Each structure stands twice: as C-alpha cells, then as structure tokens.
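Engineer: Dropping the sequence and predicted coords here.
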Amino acid sequence: MKIIGTGKALPSLSVTNDMLAEFLDTSDNWISTRTGIKERRLLSKDNLLGLTTDASRLALENAGITAADLDYIICSNVANKYVTPALSCILQGEINATCPCIDINGACAGFIYALDIAESFLQTKPYVNNVLVVCAEEPSRFTNWKERSTSVLFGDGAAAVILSKGDDLKSALLTTTSNVDALYYQRDLEDSPYVEKKIDAAPLVMNGKDVFKLAVASSVADISEVVEKAGLTFKDIDYFMLHQANIRIIDAICNQLQQPEEKFPHNIERYGNTSSASIPILLDEMNRDGRLKKGSKIVLSAFGAGFTTGACVIEWSKISNEKTEKKYRSCLEVESAI
C-alpha cells in the first residue's frame, strides 16, 4: 500500500487547562507537567459525523480522487451516538460513495489495525484499488468530567488517509494481550426481563500506572521488531510517530530507544489524546507542512485499551503539493495569531 492523501478535522472549541480549572480541582501547571497538554479541542456546536466527513473530503482532495473512486471505507471509532448502523455507512452517504464499509474498534491503536486490514484488501482483492481509512473519536462523551485524572487527557477529532496499491509498507505488527482492568468504558444497554443482574454503566476508567508501564514496554518492543523486520536500524528512521497519549510516555520511549528528541514529533500539547485519530492527525500535519519528504522512513506506533498495540514502518512516497503546503502554513500562521 501507499498513502496518497491525508486530511483532518477538529472541533472549533479549544479548551485550555485554565478553563478546566474553573470547575475541576486542577491547574495548568498540574496538567501540563504530568501530561504535556496545554489545550484540547472538544465537540460543542459541531458533531462527530461532520468532522468525519470533513476529514474524509480533505483526504480525497489531497489524493486527487473523488468518493466515486473509493473501493472500501474503514472507520476506526470507539463510540458515537449510533450503536448501529456503522459510522462508516453514514459517512458513505455524506460523501456520496458507493463502496462497502466497515467499522472497527481497536481503541487508540485503531489506526494501525485499520492500515493492516486495508493492506490485506489491497493485496488480495483485485477490485480494491483505493481505500479510505478514517479515524473519528469523541472521548469527551464518555469521560467522567468530575474526575480530573482522565477528563483532562482527551480531545475530540477526526483524521483520514487514502490508501492505494503500492509497496510503501515495509513491515507491520499487531498484538493483543487481554487486560480489561487497565482501561475500559462501559455503557448502558436496554433492560431485558431475562437479565438477572444489571451491569451499571461506567465512564472511562483508567489505571494510569499500569497503562504507562504497558504502553512504554509494548511500544519499545513493537518498534524494535518492525524496524528489524524492515531491514533497518533506528538511525535509518526519520520520524517515530507515536500515539499522542502523554508526553511522558513519548519521552520514555524516546529515551529507551536512545534516539534524538527531534525524531519524535508531537502535537499533544494542542490536541490532547484523540484516541485512534491522534497519529493520522499528526500525519496530516507533517504531510501538509512539508516535513514528510519522498523517501522519508517513518515508524507509526500505538497502544490502546484491550490491551491492543500496533506498529509499522512506512517509506513515504507522496510528493508534496506546494500550493497545499503554502495554504496550510498560512492557515497555521492565522491560527497562532488568534
């Protein structure tokens, strides 16, 4: 496979740490020193379907194709207002596509899982030439906003990539080790007269220490394996693009791999943890601001509830569009001036 287009969409509302401190027992210093997060985007007047649609359209535009050219849509999503139908099916109608659609829930590792599934389709199905992978997440809707240890971590957002046939994927690895208690979210189901014991819904529950240990150990192991499988060394890698969960986790992985900090780009300070959307959001930024060049070797690595992990090595082949880059940089300048 190869990535031929990227796109992202974020809520208009930016919530700073000081804004959270107005109703939580916390402060900007408490949050930023423990997580690296300064602000996050949260859904307010906008909605997740709108973000999903916008990110997909931007990715299609960046790829230079239309929705009619899509042969499959894969959506990574933990939860939204619809249990059924799949979010990807609703998206199909919004962008006027006609191809098959599926949703997956790989939690924060969902993007890597979706890439692996898309690669299988592209490799084995002759009729599949273009796949839209979109990650759409609204963790703010299942977070306990009275509890500071989790509510300060998350942001909402969506990001998409368009994949076509190619050999840019050099290696990949997926792992799952069942560990429900480390991180989970339970929601209510309708009552049945035959259910003997009702299970109460619970907002997001996270054991921070366990997640930290699992995240660092699994990421270092996954990254080491995929780099070796690709016939490369850490020095050959231009960027390690990690799930944006916590700056301390990113720093710990960086230290264990003994690689320079500049190889670990991050935007968690602006967006928080956007679950499976975090890596494709970062990928879109780096594609559009020109950091990714043809031939750049990048590692993508993520972990999530389950406990699920995934990593892959990609050699970037997309040639940047100068007009798109200039437009994107000018938008960033306007945004930073506001």
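Structural biologist: Noted; the coordinates are in hand.

Engineer: Could you state which residue of the chain sits nearest its centroid?
Structural biologist: Ala277 (2.3 Å; C-alpha atoms, centre = their mean).

Engineer: Provide a list of residues in contact with it.
Structural biologist: Contact partners of Ala277, counting by C-beta atoms under 8 Å, 6 or more residues apart in numbering, are Lys8, Ser76, Phe111, Cys135, Ala136, Glu137, Gly157, Ala158, Ala159. C-betas here are computed from N, CA, C, even on glycine.

Engineer: Is it part of a helix or strand, or is it coil?
Structural biologist: Using DSSP: H, G, I helix; E, B strand; the rest coil, the structure places Ala277 in helix.

Engineer: circling back to that earlier point, wait, which of the contacts of Ala277 is closest to Ile223?
Structural biologist: Ranked by distance to Ile223 (C-beta to C-beta), the contacts of Ala277 are led by Phe111 at 15.4 Å.

Engineer: Kindly indicate whether Ile319 is helix, strand or coil.
Structural biologist: coil.

Engineer: excluding its backbone neighbours, what's nearest it?
Structural biologist: Lys294 (5.6 Å; C-beta to C-beta, 6 or more residues apart in numbering).

Engineer: Surely that neighbour and Ser317 touch.
Structural biologist: Yes: look at Lys294 against Ser317 with C-beta atoms under 8 Å: they come within range, at 5.9 Å.

Engineer: Mind telling me what element Ala215 is part of?
Structural biologist: Per DSSP states H and E, Ala215 falls inside helix 208-229.

Engineer: actually Glu285, not the one I typed
Structural biologist: helix 278-288.

Engineer: what packs against that helix?
Structural biologist: With contacts taken as 3 or more C-beta pairs under 8 Å, 6 or more residues apart in numbering; DSSP states H and E, helix 278-288 sits against strand 2-9, helix 48-63, helix 110-124, strand 157-164, strand 239-242, helix 268-271, strand 297-304, helix 322-337.

Engineer: just the CA coordinates of that helix, formatted as PDB?
Structural biologist: Backbone C-alpha positions of helix 278-288 (Å, rounded to 0.1, in the frame of the first residue of the first chain) are rendered in PDB as follows:
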ATOM      1  CA  SER A 278      -4.000  11.100  17.100                       C
ATOM      2  CA  ILE A 279      -1.500   9.500  14.700                       C
ATOM      3  CA  PRO A 280      -3.400  10.400  11.400                       C
ATOM      4  CA  ILE A 281      -3.900  14.000  12.700                       C
ATOM      5  CA  LEU A 282      -0.100  14.300  13.200                       C
ATOM      6  CA  LEU A 283       0.500  12.500   9.900                       C
ATOM      7  CA  ASP A 284      -1.700  15.100   8.100                       C
ATOM      8  CA  GLU A 285       0.100  18.000   9.700                       C
ATOM      9  CA  MET A 286       3.500  16.700   8.700                       C
ATOM     10  CA  ASN A 287       2.300  15.900   5.200                       C
ATOM     11  CA  ARG A 288       0.900  19.400   4.700                       C
END
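
Engineer: Report the two of the contacts of Ala277 separated the most.
Structural biologist: Maximum distance among those (C-beta to C-beta): 13.7 Å, for Lys8 and Ser76.

Engineer: More neighbours: which of these two?
Structural biologist: Ser76 (31 against 27; other C-beta atoms under 10 Å).

Engineer: Isn't that one up against Leu132?
Structural biologist: No: Ser76 is beyond contact range of Leu132, at 11.4 Å (criterion: C-beta under 8 Å).

Engineer: which one of the helices and strands packed on helix 278-288 is the most hemmed in?
Structural biologist: Sort those by mean neighbour count, taking mean count of other C-beta atoms under 10 Å, and strand 157-164 sits at the top with a mean of 29.

Engineer: Alpha carbons of it, as PDB, please.
Structural biologist: Output of strand 157-164 as PDB, limited to C-alpha atoms (Å, rounded to 0.1, in the frame of the first residue of the first chain):
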ATOM      1  CA  GLY A 157     -11.200  14.900  16.400                       C
ATOM      2  CA  ALA A 158     -11.100  13.000  13.100                       C
ATOM      3  CA  ALA A 159      -8.400  12.300  10.500                       C
ATOM      4  CA  ALA A 160      -8.300  10.300   7.300                       C
ATOM      5  CA  VAL A 161      -5.900   8.800   4.800                       C
ATOM      6  CA  ILE A 162      -6.400   7.500   1.300                       C
ATOM      7  CA  LEU A 163      -4.500   4.300   0.500                       C
ATOM      8  CA  SER A 164      -3.800   2.800  -2.900                       C
END
